[in-house]
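Peer 1: The following comprises the amino acid sequence and a computationally predicted model.
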Amino acid sequence: MSTPEDLVLLDAVEQALLKRWPETRLEPSLDRIAALVDALGSPQLSYPTVHIAGTNGKTTTSRMIDSLFRELEYRTGRFTSPHLESFLERISINGFPIPPEGMIATYDDIALYFDLIDSRQPHPISFFEAITAMAFVAFAEFPVDIGIIECGMGGEWDATNVVNSSVSVFTPIGLDHTEYLGDTLEKIALTKSGIIKTGSHVVMAAQPVEAAKVLMQRAIEKTAIVYREGIEFSVAHRDIAVGGQLLTLQGVHGTISDIYLPLYGAHQASNAAVALATVEAFVGVKLDDEVVRRAFANVESPGRCEVLYRDPTVIVDAAHNPHGASALAKTIQSEFDFETVFGVLAILGEKDILGVLQELEPVIDRLVVTQSHSTRALPVAQLAELAISVFGSERVTIQETLVLAIKHAMEQVTLLNQVSEGVSAVLVTGSVVTAGETRAYFRTLNPDYYDLDEDQDKL
């Protein structure tokens, strides 16, 4: 259990990191992180790694891979971003966020190295570069048997790309972060393909043709062994089940049936197939059926089509681009039977907002627009103008804060449920920040819903 003193020190660590360049300010280069890990003794090379890039599904796929390795009795380290509520979530050891005392000790061990590299480089170490290095060190100190490393943005010049991965994984690629990665799928895929290492294994989710060609060309250049969804592995069968879905997966080395996955959506079934193929590629043999079933049954993916409340039903999803919004819309249509859906949308200003609105419009009957506390949040007045252009003024309501928007939507849905035989629901979406703030609000309604300290005690 963390002490009050630990929490004070943890806040000081977070504030020190946040004073560095934010994740949204990039100077694409591996120079700083390469110099930093070299000074630290290259901790990221002390254990094998799986490296994951893509536009959507990276974090959930990372969690699935983690669960599979842990069922195989590997000690795992998982690095993901961004976080929902606490930056501790980014560094996970054996399935749980690093405890505050672990984060504090890691920072104290290497903080002076940040200053050293700052003094030698034209640009300072960024927040993301710093916490990436902290993850590498924490995993080496634990130590882990396998590192599961999610790219922050892109791939070729992403700070995580100093690992020497045994398996490179590509979740679906779409248009996002175009100001840094390029304005076409080919350009984005080219940047992401930079994580492929010579002679490694490459696992590819189903991709748009333009992206698939680029990834395959890079894999050929690197003499990598490729496993493609729909060819070398696949979702052989999928049935909707209570609380999730029942899958049959065709893996790289054989078929496994009766896999219960407690997540919603066809895209999550695809993520499961990618995760299974990844671990099979790493170990080189078919996994035991019961090991696979246990691993997937235990998967959690907070903030991804997550049911937070039951009366009325409230679902939160971190969809923040058209590709993610499309997957969310398909899931709501195919796996739920709501009479009316009240949407709550808070989104960041740099995103393809019209694209997100257009994907959500067919499944949202009434939309409440608002904004999160992020400094990058699109002001509610601007979001309302865009929403009205897609939904029409009669379907759009404005609330100044996310909590007010959630409360309003819940009140309206409760009234509908009282006078109708059908069931209506609230869907909150638009960004990872929105999902995190929503989870934090519902935790105040039910403190036992998510107990971070309890999770850390299981380490």
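Peer 2: In hand now; what should we look at? Numbering: from 1, shown residues only.
Peer 1: tell me the mean pLDDT over stretch 431-446?
Peer 2: Stretch 431-446 carries an average pLDDT of 92.
Peer 1: Please disregard the earlier target; I meant stretch 136-152.
Peer 2: Averaging pLDDT along stretch 136-152 yields 97.
Peer 1: mind listing what's buried in whichever helix or strand Asp258 is part of?
Peer 2: Element membership for Asp258 (DSSP states H and E) is strand 255-261. Across strand 255-261, burial judged by 16 or more other CB atoms under 10 Å covers Ile256, Ile259, Tyr260, Leu261. Glycine gets a C-beta too; all of them are placed from N, C-alpha and C.
Peer 1: Same check on stretch 152-165?
Peer 2: 152-163, 165.
Peer 1: Throw the buried residues of strand 255-261 into a markdown table and include pLDDT, thanks.
Peer 2: Shown next, in a markdown table, are those (pLDDT from 0 to 100):
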| residue | pLDDT |
| --- | --- |
| Ile256 | 98 |
| Ile259 | 98 |
| Tyr260 | 98 |
| Leu261 | 98 |
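Peer 1: residues in contact with stretch 304-313?
Peer 2: Stretch 304-313 is contacted from outside by 59-60, 263-265, 268, 314-318, 328, 331, 338, 410, 413-414, 417, 423-426, 435, 438-439, 442, 445, 449, using CB atoms under 8 Å, 6 or more residues apart in numbering.
Peer 1: And stretch 33-53, end to end?
Peer 2: 18 Å (CA to CA, to the nearest Å).
Peer 1: which residues are contacting the strand holding Asp258?
Peer 2: 236-237, 241, 244-249, 268-269, 272, 276, 287, 289, 292-293, 296-297, 299.
Peer 1: Go again with 7 Å.
Peer 2: With CB atoms under 7 Å, 6 or more residues apart in numbering as the test, strand 255-261 has contacts from 236, 241, 244-249, 268-269, 272, 289, 292-293, 296-297, 299.
Peer 1: Name every strand pairing with it and say which way it goes.
Peer 2: strand 244-250 (antiparallel) (DSSP bridges).
Peer 1: Return the distance of the strand it pairs with from the chain's centre.
Peer 2: 21 Å (CA atoms, centre = their mean, to the nearest Å).
Peer 1: what does stretch 432-445 give?
Peer 2: The answer for stretch 432-445 is 16 Å, by CA atoms, centre = their mean.
Peer 1: Which residues belonging to it are considered buried?
Peer 2: Within stretch 432-445, the residues scored as buried using 16+ other CB under 10 Å are Val432, Val433, Thr434, Ala435, Gly436, Glu437, Thr438, Arg439, Tyr441, Phe442, Arg443.
Peer 1: now, which of those lie within helices?
Peer 2: Here DSSP state H is the test, and those give Val432, Val433, Thr434, Ala435, Gly436, Glu437, Thr438, Arg439, Tyr441, Phe442, Arg443 as lying in helices.
Peer 1: Who are the contact partners of the fifth one?
Peer 2: The one in question is Gly436. Leu84, Glu85, Gly303.
Peer 1: And the fourth one, by the same measure?
Peer 2: The contact partners of Ala435, by CB under 7 Å, 6+ apart, come to Leu84, Gly303, Val316, Asp317, Ala318.
Peer 1: Nearest residue to Glu101 in space, ignoring adjacent ones along the chain?
Peer 2: Nearest residue to Glu101 in three dimensions, chain neighbours excluded: Asp6, at 5.4 Å (CB to CB, 6 or more residues apart in numbering).
Peer 1: which helix in this structure runs the most residues?
Peer 2: Longest helix in the chain, counting by DSSP H: helix 100-120.
Peer 1: what's it packed up against?
Peer 2: Helices and strands touching helix 100-120, by 3 or more CB pairs under 7 Å, 6 or more residues apart in numbering; DSSP states H and E, are helix 4-18, helix 31-39, helix 127-141.
Peer 1: Can you tell me what sits against stretch 205-212?
Peer 2: By CB under 7 Å, 6+ apart, stretch 205-212 touches Phe170, Thr171, Pro172, Ile173, Leu185, Glu186, Ala189, Leu215, Glu229, Gly230, Ser270, Val274.
Peer 1: bridging residues for Glu306?
Peer 2: In this structure, Glu306 bridges to Val316 when assessed by DSSP bridges.
Peer 1: And it, how far from Tyr260?
Peer 2: According to CB to CB, to the nearest Å, Glu306 and Tyr260 sit 17 Å apart.
Peer 1: Return the distance of Ala133 relative to Ser67.
Peer 2: Relative to Ser67, and taking CB to CB, Ala133 is found at 26 Å.
Peer 1: Just want to know which of the two has more residues nearby.
Peer 2: Ala133 (26 against 23; other CB atoms under 10 Å).
Peer 1: so what's the more buried one closest to, chain neighbours aside?
Peer 2: In space, and not counting its chain neighbours, Ala133 is closest to Leu36: 5.2 Å by CB to CB, 6+ apart.
Peer 1: who touches the one you found in this structure?
Peer 2: By CB under 7 Å, 6+ apart, the contact list for Leu36 reads Tyr113, Ile117, Ile125, Glu129, Ala133.
Peer 1: Give me the pLDDT for it.
Peer 2: At Leu36, the model reports a pLDDT of 97.
Peer 1: Quick one: residues in contact with the helix or strand hosting Ser168.
Peer 2: Using DSSP H and E, Ser168 maps to strand 167-170. For strand 167-170, the external contacting residues (CB under 7 Å, 6+ apart) are 50-54, 61, 192, 195-197, 200-205, 207, 215, 274, 278, 281-282.
Peer 1: can you check stretch 76-96 too?
Peer 2: For stretch 76-96, the surrounding residues in contact (CB under 7 Å, 6+ apart) are 14, 59, 62, 66, 69-70, 75, 97-98, 100, 103, 131-132, 134-135, 138-139, 142, 144, 146-150, 152, 302-303, 432, 435-436, 439-440, 452, 455-456, 458-459.
Peer 1: Just the buried residues of these.
Peer 2: Buried members of the contacts of stretch 76-96, scored by 16+ other CB under 10 Å, are 14, 59, 62, 66, 69-70, 97-98, 100, 103, 131-132, 134-135, 138-139, 142, 144, 146-150, 152, 302-303, 432, 435-436, 439, 452, 455-456.
Peer 1: Name the residue most distant from the centre of the chain?
Peer 2: Val419 (38.0 Å; CA atoms, centre = their mean).
Peer 1: Look up how far Leu386 lies from that residue.
Peer 2: 32 Å.
Peer 1: Next: Ala212.
Peer 2: From Ala212 to Leu386 the distance is 32 Å (CB to CB).
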